[in-house]
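Participant: no FASTA, just this:
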């Protein structure tokens, strides 16, 4: 990949900026250089609708003068001294932040782990076009599909280099491949649409394009002629694709920045049960070929695999340096670089699966709603109140009887978390991985 991304040049940029900032009067500083190349193709009705190639090149310098800090970014680095002097001048007039600063040198990564982040395969526009067309053709071949909503395929390569004034240097390359297809079933006002997609670090791990298209078509056809439900309390089963959002709400509630700002409904629950007994949530920054795998975080801090929740009990917050200092804790390598600073966040987070299949969860529930699609973002991070638009299928005696739509499901996440029953069908492809989840006794608002 050296012909596309020159890591030596990226490293040089970061190091030159750090040296220039120290010379300009910064007490401490770090620099991160990021570059990327991507190629994507979108097709519709057998023809290429759009081909997009993008190249990005950006370097960000963050400087500290006492407890004051500032950051500047540039696409070109013709004169590191000018950029560094501007950053230092900005920092000198910035307000103090008692929690600002670089990571403790004792917490820095000492040796970068070997991780499977880079597939050397490169795809041409013609190859991506053929992949997208194959997915679209398979979707259109499903009986009941009336038209294509489009199909796409993409390839991306990214390079990251980081250097700090207290001696950390690290770099890595990563690749990503993806494809998707959207199918439309029915006609006129009775049309329904659905999609399927896949995204992987290595091309060989992608599902076959024909499978993506076929599943998209089948999902769209299943949604035809939906009913509306009356308001009731019922059992709800989230299929794995929808269940990832439930895991995402937990991740947001145990973010150290939210806890420090006192805007999390779980801020007083460290060491207490927050999920049902037996449930474990693991965060693994070193997962092989993982979507969020990385050898170092946004501050160069050492990380480890963490059981964020173990046997239902909350064990950790997600912490970067600033949130850890504010909470009087030690950073745990979960810093994300975000423009002028860092913020804490998850890496590859997984709700560990249970023993029962989706069908068995539905059988245990008896009657209820199988959620396949969620709409809106009705979650209150301070109280945990939950209200989301949903579509899916009504099932009776564990068997699907009809599609349903225009439903609102509601509850409170504190209670929902403790009633979760995970299935065995873990979808382990994405940064937030979850199996199907059953939650008993949720409020459903319909007609």
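Facilitator: Received the coordinates, thanks. Predicted model, so just to flag it, every value in this text is computed and none were measured. Residues are numbered from 1 along each chain as shown.
Participant: tell me the domain ranges of this protein?
Facilitator: Domain segmentation of the chain under automatic domain parsing yields 7-219, 226-447.
Participant: mind putting the ones you listed in CSV, mean pLDDT and mean neighbour count included?
Facilitator: (Each C-beta comes from the backbone N, C-alpha and C, glycine too.) Listed next are those as CSV, based on pLDDT from 0 to 100; neighbours: other C-beta atoms under 10 Å:
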stretch, mean pLDDT, mean neighbour count
domain 7-219, 94, 19
domain 226-447, 96, 19
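Participant: Return the residues in contact with the residue nearest to residue 194 when sequence neighbours are not counted.
Facilitator: Spatial nearest neighbour of residue 194, excluding adjacent residues (C-beta to C-beta, 6 or more residues apart in numbering): residue 219 at 3.7 Å. Counting by C-beta atoms under 8 Å, 6 or more residues apart in numbering, residue 219 makes contact with 183, 194-196, 372.
Participant: Same list (these) but as a markdown table, adding distance to residue 73 and secondary structure.
Facilitator: Shown next, in a markdown table, are the contacts of residue 219 (distance: C-beta to C-beta, whole Å; DSSP: H, G, I helix; E, B strand; the rest coil):
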| residue | distance to residue 73 | secondary structure |
| --- | --- | --- |
| 183 | 41 | strand |
| 194 | 39 | strand |
| 195 | 35 | strand |
| 196 | 37 | strand |
| 372 | 41 | strand |
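Participant: Any chance of CSV for these, columns distance to residue 275?
Facilitator: Shown next, in CSV, are these (distance: C-beta to C-beta, whole Å):
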residue, distance to residue 275
183, 36
194, 30
195, 30
196, 29
372, 23
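Participant: still on that earlier bit, and the residue nearest to residue 194, which of the three is it?
Facilitator: Secondary structure, DSSP: H, G, I helix; E, B strand; the rest coil: residue 219 is helix.
Participant: Okay, it and residue 193: tell me how far apart.
Facilitator: Computed as C-beta to C-beta, to the nearest Å, the residue 219 to residue 193 distance reads 9 Å.
Participant: how about the residue of the chain most remote from its centre, phi and psi?
Facilitator: Most distant from the centre of the chain: residue 23, at 38.3 Å, with distances by C-alpha atoms, centre = their mean. Main-chain torsions, residue 23, degrees, to the nearest 10: phi -70, psi -30.
Participant: is it true that it touches residue 80?
Facilitator: No: applying C-beta atoms under 8 Å, one finds residue 23 not in contact with residue 80, separated by 9.4 Å.
Participant: returning to what we had before: nearest to residue 310, of the contacts of residue 219?
Facilitator: Nearest to residue 310 among the contacts of residue 219, counting by C-beta to C-beta, is residue 372 at 30.1 Å.
Participant: ok, the closest one - contacts?
Facilitator: By C-beta under 8 Å, 6+ apart, the residues touching residue 372 are 194, 219, 239, 241-242, 391-393.
Participant: Which one of the residues you listed is nearest to residue 174?
Facilitator: Nearest member of these to residue 174, counting by C-beta to C-beta, is residue 241, at 23.9 Å.
Participant: Distance check, the closest one against residue 371.
Facilitator: To residue 371, residue 241 is 9 Å away according to C-beta to C-beta.
Participant: Give me the secondary structure label for residue 277.
Facilitator: coil.
Participant: In contact with the nearest residue to it once chain neighbours are set aside, which residues are there?
Facilitator: Once flanking residues are discounted, residue 277 sits nearest to residue 312: 4.6 Å by C-beta to C-beta, 6+ apart. Contacts here follow C-beta under 8 Å, 6+ apart; on that basis residue 312 touches 273-279, 418.
Participant: Also residue 410?
Facilitator: Listed by C-beta under 8 Å, 6+ apart, the contact set of residue 410 reads 385-388, 442-445.
Participant: Give the intersection of the neighbour lists for residue 219 and residue 193.
Facilitator: Residues touching both residue 219 and residue 193 by C-beta under 8 Å, 6+ apart: residue 183.
Participant: can you give me the strands in the stretch 201-350 of the chain?
Facilitator: 232-238, 281-283, 306-310, 313-314, 335-338, 341-344, 349-351 (DSSP state E, counting those that start in this stretch).
Participant: correct me, but residue 88 touches residue 28?
Facilitator: No: using C-beta under 8 Å, residue 88 is not in contact with residue 28, being 11.3 Å away.
Participant: Give me the common contacts of those two.
Facilitator: residue 63.
Participant: can you give me the helices in the stretch 101-250 of the chain?
Facilitator: Assigned by DSSP state H, counting those that start in this stretch, the helices in the stretch 101-250 of the chain fall at 125-140, 209-222, 240-253.
Participant: Oh, that last question was meant for the stretch 251-400 of the chain, not what I typed.
Facilitator: Counting by DSSP H, counting those that start in this stretch, the segments of the stretch 251-400 of the chain that form helices are 256-260, 321-327, 358-365.
Participant: Check which helices and strands the last one sits against.
Facilitator: With contacts defined as 3 or more C-beta pairs under 8 Å, 6 or more residues apart in numbering; DSSP states H and E, the secondary structure elements packing on helix 358-365 are strand 232-238, strand 437-445.
Participant: Just the residues contacting that helix, thanks.
Facilitator: 235, 237, 239-240, 356, 368, 370, 395, 397-400, 421, 423, 425, 436, 438, 440.
Participant: Between the two ends of stretch 316-323, what distance do you get?
Facilitator: 13 Å (C-alpha to C-alpha, to the nearest Å).
Participant: contacts for that stretch?
Facilitator: Outside stretch 316-323, the residues that reach it (C-beta under 8 Å, 6+ apart) are 97, 99-104, 251, 254-257, 259-260, 270, 283, 297-299, 301, 306-308, 327, 329-332, 334-336, 341-346.
Participant: partners of the closest residue to residue 197 other than its chain neighbours in the sheet?
Facilitator: Counting by C-beta to C-beta, 6+ apart, the nearest residue to residue 197 once its immediate chain neighbours are dropped is residue 180, at 3.6 Å. Under DSSP bridges, the beta-bridge partners of residue 180 are residue 152, residue 197.
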